[in-house]
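J.: Pasting the sequence and the predicted coordinates here, then a few questions.
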Amino acid sequence: MPGKSTDAATMKAVLVLMAISVSLPSLASASPVRDGTSPASTSVLIVNGTSAEIGYLDNAFIYCRIQLSQAQDFLHHYTIEWQNSSAETVPTWSQDAHVYTIGRGSHVPHSYLVFQDFTSSLSGNYSCSVKRNGVALSSSRIAVR
């Protein structure tokens, strides 16, 4: 029945979003400056580190956020973009996607790379980039296995 499959996919997406919202308080207190950078430079930080292991058919997310160089700068100048190992932009959520992003637009100082029903075909190096007016300023990478 097509309705049950759609409901199951929607329920999985809701559960992933709930897991993200539960994790926000601890992620918000993580160090905002990546090693080797200074608070005076605009950078992007993957809070989960440089590698992540995800179990077969598990759901997981990777959190990336912007560290702005100037407190008076405006978020609407910046966007965050995730790319996969083939340098392709990871799309935003869709019902059948097994890897997608949430929070990619402007006015948002962070983004999530979400894995749903993880398999080895999703393994690889992913990068999170911060762009200002379309120009990449900084990026950070994570190896996902």
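T.: Thanks, I have the structure now.
J.: where exactly do the strands run in this protein?
T.: If DSSP state E is used as the criterion, the strands of the chain fall at 43-46, 51-52, 60-67, 78-83, 99-102, 110-115, 124-132, 135-144.
J.: The residue nearest to residue 62 when sequence neighbours are not counted and residue 46, how far apart?
T.: What sits nearest to residue 62 in space, not counting adjacent residues and going by CB to CB, 6 or more residues apart in numbering, is residue 113, at 4.3 Å. Backbone N, C-alpha and C define where each C-beta goes, glycine included. Distance of residue 113 to residue 46, computed by CB to CB, to the nearest Å: 9 Å.
J.: More neighbours: the two, which one.
T.: Shown here are residue 113 and residue 46; by other CB atoms under 10 Å, residue 113 has more neighbours (28 against 21).
J.: Surely that one and residue 91 touch.
T.: No - Residue 113 is not in contact with residue 91 according to CB atoms under 8 Å; the separation is 11.1 Å.
J.: okay, and the common contacts of the two?
T.: The overlap between the contact sets of residue 113 and residue 91 (CB atoms under 8 Å, 6 or more residues apart in numbering) consists of 100-101.
J.: Can you give me every residue that contacts residue 80?
T.: 44, 64-66, 103-104, 108, 110-111, 128-131.
J.: residues contacting residue 64?
T.: Neighbouring residues of residue 64 by CB under 8 Å, 6+ apart: 44-47, 80, 82, 110-113, 128, 140.
J.: Next: residue 114.
T.: In this structure, residue 114 makes contact with 16, 20, 59-61, 93, 99-102, judged by CB under 8 Å, 6+ apart.
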